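Visitor: this one's structure only:
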């Protein structure tokens with residue numbers, strides 16, 4: 001602070017003194033010039049008459065009086081022809097004067113003298129010119145003396161300025177510095193108990209009193225704020241617990257609506273398993289009791305074809321046939337058998353399709369033309385039924401396992417899971433398994449799954465989002481319509497779009513569907529927090545959810561950030 005005051009004062013003094021010195025030196029020169037011009041004018045006036053009458057002695061006498069002016073060294077009068085008419089030299093020492101100084105009215109400082117030239121007129125007619133040369137030695141001494149005095153004055157003022165600045169720092173700056181130091185400590189440590197010492201009763205003392213009073217008020221408010229913050233923290237904790245309970249309640253409510261369908265989805269494969277086990281038991285009894293007699297009675301040439309037929313049915317890597325494919329193959333095989341005059345051609349064709357023997361059927365015409373053809377084909381069907389039954393059991397067990405796995409994933413209520421790299425499509429498929437009972441009643445599902453990368457997410461919470469959206473879509477379609485599910489990549493986002501052909505959302509309600517406890521369902525059929533929870537979960541993933549709706553088409557689009565994209569921040573774990 002003191003250094004700044006000194007610099008400012010020094011700069012001000014230097015600027016002021018510089019201006020005064022140059023101004024006074026200019027005035028000194030101007031005074032000297034004016035005096036020389038006045039002398040030149042007076043001498044010219046006295047020499048006008050002698051010039052007119054060409055009396056040089058009178059002009060010389062007039063110039064001789066210039067010796068009374070100590071600083072004047074040269075005086076010359078020129079006639080109208082620029083010829084020297086009279087001249088004066090101090091101490092009689094003649095000095096060479098350039099002819100260029102003889103003309104016009106002018107004055108000029110050069111080297112150590114001042115030159116002045118003035119025209120002489122008589123009755124407004126040009127009579128000649130007066131030239132004076134004045135020494136500037138006296139002016140130089142005056143300026144030097146002035147500069148010494150000003151330097152002494154400047155040093156004196158700087159000394160006084162230093163003394164005053166030191167005193168002002170003690171009186172003004174030190175209390176302000178104390179205030180600044182206290183403010184810095186308070187901002188860094190937050191110690192509002194700190195107080196600044198008062199050093200006087202002047203304006204700064206009043207400022208210190210008010211500052212200390214302000215600190216006291218801030219301390220009281222800070223303590224009250226801490227207490228309020230503690231209370232709000234406890235309230236926030238209670239709200240989080242309530243929110244978790246609501247989320248779990250909504251999740252369990254959705255699961256409750258799925259229980260009947262899930263039970264059916266499990267009972268169906270269990271029924272298939274029981275039926276297949278029954279078929280296996282019957283076939284095993286036949287194999288143990290009747291098959292040895294049958295195979296021994298079968299002619300040798302027919303036995304080889306019989307075993308070839310069984311082996312052909314046992315072949316793996318055969319895809320499951322659709323109903324349309326089965327009908328087409330039965331017609332094709334039946335026509336082939338009829339062309340070879342095989343009785344009961346359609347019945348045999350039906351059996352061959354069930355046994356998955358649909359190619360090269362003509363290889364078994366010998367068996368079909370045998371008198372015991374029905375018994376042979378029936379025995380082959382029973383033997384190969386063992387494989388079909390085991391495949392049915394395997395398929396049913398896999399189906400039941402998927403349902404149980406999907407139910408397990410959806411029933412978890414732990415909100416403290418860690419983020420994992422997961423495939424969004426797998427989660428959607430798990431939820432679809434749980435809703436399969438409702439979907440198969442009259443909803444056509446179209447899946448357009450494009451290749452998408454895995455994303456870092458809370459997998460179970462995202463499954464809750466798919467559960468809420470799919471449940472609302474099925475409800476909106478009244479179990480009849482078209483459900484389209486698409487997955488795609490849009491720049492840095494994985495996009496999941498779920499479209500239903502339901503009745504749509506009214507325009508005056510579409511902006512409210514994400515509000516807590518808002519529901520378009522009848523009382524008792526929904527809590528109104530499903531979509532609110534879904535939106536919170538998506539925002540927790542730094543994503544976004546959008547909805548477009550019109551009668552017959554409602555689309556929910558969920559955008560989830562891809563790992564490493566520039567438009568997101570890392571997902572913060574839930575506290």
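Guide: Good, I have the coordinates. Bear in mind that the values here come from a model prediction, so they are computed numbers and not experimental data.
Visitor: Wait, residue 488 touches residue 452, no?
Guide: Yes. Using C-beta atoms under 8 Å, residue 488 is in contact with residue 452, at 7.0 Å. C-betas here are computed from N, CA, C, even on glycine.
Visitor: who's more crowded, those two?
Guide: Neighbours were counted for residue 488 and for residue 452 using other C-beta atoms under 10 Å; residue 452 has more, 18 against 14.
Visitor: Over the one helix or strand residue 535 maps to, what's the mean pLDDT, rounded is fine.
Guide: If you go by DSSP states H and E, residue 535 is part of helix 530-540. For helix 530-540, the mean pLDDT works out to 87.
Visitor: Equivalent analysis for stretch 429-436, please.
Guide: Averaging pLDDT along stretch 429-436 gives 83.
Visitor: Mind listing what's buried along the host helix or strand of residue 165?
Guide: Taking DSSP H and E as the criterion, residue 165 maps to helix 137-168. The neighbour-count check on helix 137-168 (16 or more other C-beta atoms under 10 Å) flags 139, 142-143, 154, 161, 165 as buried.
Visitor: what does stretch 73-87 give?
Guide: Across stretch 73-87, burial judged by 16+ other C-beta under 10 Å covers 73-80, 85-87.
Visitor: what residues does stretch 42-49 touch?
Guide: Here stretch 42-49 makes contact (C-beta atoms under 8 Å, 6 or more residues apart in numbering) with 55, 58-59, 62-63, 66, 75, 77, 85-86, 118-122, 127-130, 132.
Visitor: Strands of the stretch 401-550 of the chain, residue ranges please.
Guide: Counting by DSSP state E, counting those that start in this stretch, one finds strands in the stretch 401-550 of the chain at the ranges 420-422, 443-449, 455-457, 481-490, 493-500, 544-550.
Visitor: before we move on, back to that, for the helix holding residue 535, name the packing helices and strands.
Guide: Packed against helix 530-540 by the contact rule (3 or more C-beta pairs under 8 Å, 6 or more residues apart in numbering; DSSP states H and E) you find helix 203-289, helix 459-476, strand 544-550, strand 553-561.
Visitor: quick one: which of these is nearest residue 149?
Guide: Among those, the nearest to residue 149 by C-beta to C-beta is helix 203-289 (39.0 Å).
Visitor: what's the distance between residue 96 and residue 133?
Guide: Separation of residue 96 from residue 133 (C-beta to C-beta, to the nearest Å): 11 Å.
Visitor: Revised request: answer the last question for residue 56.
Guide: In terms of C-beta to C-beta, residue 56 sits 20 Å off from residue 133.
Visitor: the more surrounded of these two?
Guide: Neighbour count, other C-beta under 10 Å: between residue 56 and residue 133, residue 133 has more, with 21 against 17.
Visitor: ok, the more buried one touching residue 113?
Guide: Yes. Between residue 133 and residue 113 there is a contact at 5.5 Å, judged by C-beta under 8 Å.
Visitor: Quickly list what's touching both of those two.
Guide: By C-beta under 8 Å, 6+ apart, the residues touching both residue 133 and residue 113 are residue 73.
Visitor: So which bits of stretch 187-206 are buried?
Guide: 192, 196, 198, 204.
Visitor: Put together TSV for the residues you listed, with secondary structure and distance to residue 213 on each row.
Guide: Below are those laid out as TSV (DSSP: H, G, I helix; E, B strand; the rest coil; distance: C-beta to C-beta, whole Å):
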residue	secondary structure	distance to residue 213
192	coil	12
196	coil	11
198	coil	12
204	helix	15
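Visitor: Tell me the one of those residues nearest residue 442?
Guide: residue 192 (70.2 Å).
Visitor: ok, the closest one to residue 18 distance?
Guide: For residue 192, the distance to residue 18 equals 51 Å [C-beta to C-beta].
Visitor: Check residue 447 too.
Guide: Using C-beta to C-beta, we find residue 447 at a distance of 90 Å from residue 18.
Visitor: Repeat that for residue 492.
Guide: As judged by C-beta to C-beta, residue 492 and residue 18 stand 66 Å apart.
Visitor: Done for today, thanks.
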